[in-house]
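Student: Below is the structure, and that's it, no one-letter string:
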């Protein structure tokens, strides 16, 4: 009766998950685009800045007028007015002349540099005295110096950040083409599972917490959860529920039922659907070994482990990169928040398998000391351990145990 | 005419910003609570699990029946049925008996351990043969073993994560008391500033990009931006705009106008309002030195530098911790995503001042090698540099330059 899983290495599983194509695109208003993935590279529509701008408060001058200026050779310039902020200066800066200008002001015609206000002193009303030279182009930014027309500013596949939106706003771009959020169906399985609710729990039942966790994880990853409810432990009903959800989703996560045991219905239900191509069943990782992945019409279904702790880990390590792929995101570290620490206690693990150990972090005991990571007790059936944890430590398959004092890198929960 | 700023050290500025009280609370549905800050600690309403649960697929047994079992002394047990998933077993496990059970099943009365399915073999229909003992409590999790009634599960001030929501869902908690999102007024200043729009830019004008960046930064920090438009460079009008915005916000960020120069109107406008208490004007940091902070009726106003690059840095380094405070968040690293790298090129800086250098990151040239950080050219007036940057390197005031090959920690833009 028992089927043996053919375990994939984590790298193989990730490679198979990278084989999916991104979802389609949509146009959204710039103010709604933070965290969305840009569909096509954005090139500069013009040189920037548009006109030569002062970078300091001071005086617009002709550099050649000041070429001979020095502490012993003050040069006097007649101040011909001030550049009105947000407008052009009406006249031109002639020989021996200066025009007051503030940071961001448009350099008047004739001038080619800005003399910083601290380097000028009032000679008499309407004239300044200068004790040093300035080079042509000093303290100004010229058209095209920030970027040139046609230059790529934001690459395709970037998850837009506040500064990317800012640049687009500055250029007058108010809408962008982004990948739509992948719709990810969530289905829980198990006769023992009931929806979360305040009612008293009947004996033998547990509330479905995985769908709550997965929905939040999906939103953080830029996807849109599609709640699919709870399917019973009957193959026919399960198959129908999966098929209906798969039809209206870009991907499906089925929670529970993927372990090899008496209740291993998900694989049977899934693989009996027409057009389903199996990718893997089993990853050499702990927790979460019995994870299942299949494809149908280009859309993935992942059979997630039912243990909430395992489900979280499998999402973070394998589903997050899959979602980056579906979102059309350029490859990047799916876990950017990391912190180096030393183990404050030893920790055993299963040999020959990558293991994600849940740890709590304590700040350095003395200034300059290391952060300390303590394994959080509780197996994958004790869900409170991930609530007490600040992150995970990946202990590679080649390592059999961590000793107190070992240096590790903690993948942080944010 | 020129006023000299009294520069605060960054640590002093942060300490002053930590002096604000958190905003009030509100109840939200659990499904909306991801990323919100829990207002009061949450204690377990009951022991967990509620009943003894199997952690494996196998047989519920009485451990003492198997005490003498060994490879040479098989013990036979009569299988009295199976625990129905999601329900209680109707009978009791008597001496010499076993009941089939799956992972998550409720342990039947009489049993005190679970024998893993792999350790039993079929003797004849309705009976199993066991070649080893199991200890009492083996492969089960008992009531209260995950946590006990009254135990603190989620501390006050935690920004809720997916697993925190999951735990609450599992306990049947569907609403939580969280801090409301601080409402943060955004006002831009400057006669040269026009709202972002597709229209052609008149000479001397620039589009307001700071408000777009700040609004996205605020949302990421859990705050709600309150757009306040653009105020002109006239003290009266500026004061009126600030006062109106401050009235309806928990905090105000005024963009531009905080440098000491001809357009230094913000400080005059702000400090002339009744009840305003100055906190600081000037931080010994670059970029962003002329940052201003005042308080009125317990609510902060920050005069942000007008340069978009400086504005971003000041937000990340000083306003983000202020918002954590306003959100009632327990103190934590405002910049958790960091990566060690080596400088790929040298970089000068202003001596005697903390400086945040914008860098682009390149992955290791060879496996196991270091990430490489290259300073992005462009002063704070070239906004594209933060778009090209992957993060910041803090060069402390005591360091005068970074050399190629220096090890640094990059604060990542996500």
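Tutor: Thanks, I have it. Keep in mind that what you see is a predicted model, and the values were worked out from it rather than measured.
Student: tell me the helices in the stretch 1-150 of chain A, going along the chain?
Tutor: With helices called from DSSP state H, counting those that start in this stretch, the stretch 1-150 of chain A shows them at A:10-17.
Student: Might you name the residue of it sitting closest to chain B?
Tutor: residue A:86 (3.6 Å; CB to the nearest CB). All C-beta atoms are positioned from the backbone trio N, CA, C, and that covers glycine.
Student: Low-confidence regions, the stretch 301-414 of chain A specifically.
Tutor: Scanning the stretch 301-414 of chain A with the threshold set as pLDDT under 70 gives A:379-381.
Student: Which residues of it lie near chain B?
Tutor: Neighbours of chain B within the stretch 301-414 of chain A, by CB under 8 Å from any CB of the partner chain: A:306, A:308, A:312, A:336-340, A:378-379, A:381-384, A:386-387, A:412-414.
Student: Out of the residues you listed, name the ones that lie in helices.
Tutor: A:308, A:312, A:384, A:386, A:387 (DSSP state H).
Student: Put together a markdown table for these, with neighbour count on each row.
Tutor: Converted to a markdown table, those look like this (neighbours: other CB atoms under 10 Å in any protein chain shown):
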| residue | neighbour count |
| --- | --- |
| A:308 | 29 |
| A:312 | 30 |
| A:384 | 22 |
| A:386 | 26 |
| A:387 | 23 |
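Student: on that earlier part again, please indicate which of the residues of the stretch 301-414 of chain A next to chain B are buried?
Tutor: A:306, A:308, A:312, A:336-339, A:378, A:381-384, A:386-387, A:412-413 (16 or more other CB atoms under 10 Å in any protein chain shown).
Student: on that earlier part again, phi first, then psi, for the closest residue to the residue of the stretch 1-150 of chain A closest to chain B other than its chain neighbours.
Tutor: In space, and not counting its chain neighbours, residue A:86 is closest to residue B:192: 3.6 Å by CB to CB, 6 or more residues apart in numbering or on different chains. Taking degrees, to the nearest 10, you get phi -90, psi -10 for the backbone angles of residue B:192.
Student: coming back round to it: nearest to residue A:49 among the ones in helices among the residues of the stretch 301-414 of chain A next to chain B?
Tutor: residue A:312 (47.7 Å; CB to CB).
Student: The closest one and residue B:164 touch, don't they?
Tutor: No - if you go by CB atoms under 8 Å, residue A:312 and residue B:164 don't touch, sitting 11.5 Å apart.
Student: Distance of residue A:9 relative to residue B:303?
Tutor: 55 Å (CB to CB, to the nearest Å).
Student: which residue is nearest the centroid of chain A?
Tutor: residue A:159 (6.1 Å; CA atoms, centre = their mean).
Student: which residues touch residue A:157?
Tutor: A:37, A:38, A:328, A:329, A:330 (CB atoms under 8 Å, 6 or more residues apart in numbering or on different chains).
Student: Compute the number of surrounding residues for the nearest residue to it once chain neighbours are set aside.
Tutor: Sequence neighbours aside, residue A:330 is the residue nearest to residue A:157 in space, at 3.5 Å (criterion: CB to CB, 6+ apart). For residue A:330, the neighbour count with other CB atoms under 10 Å in any protein chain shown is 12.
Student: Show the contacting residues for residue A:330.
Tutor: Contacts of residue A:330 (CB under 8 Å, 6+ apart): A:155, A:156, A:157, A:158.
Student: same question, residue A:320
Tutor: A:217, A:221, A:334, A:335.
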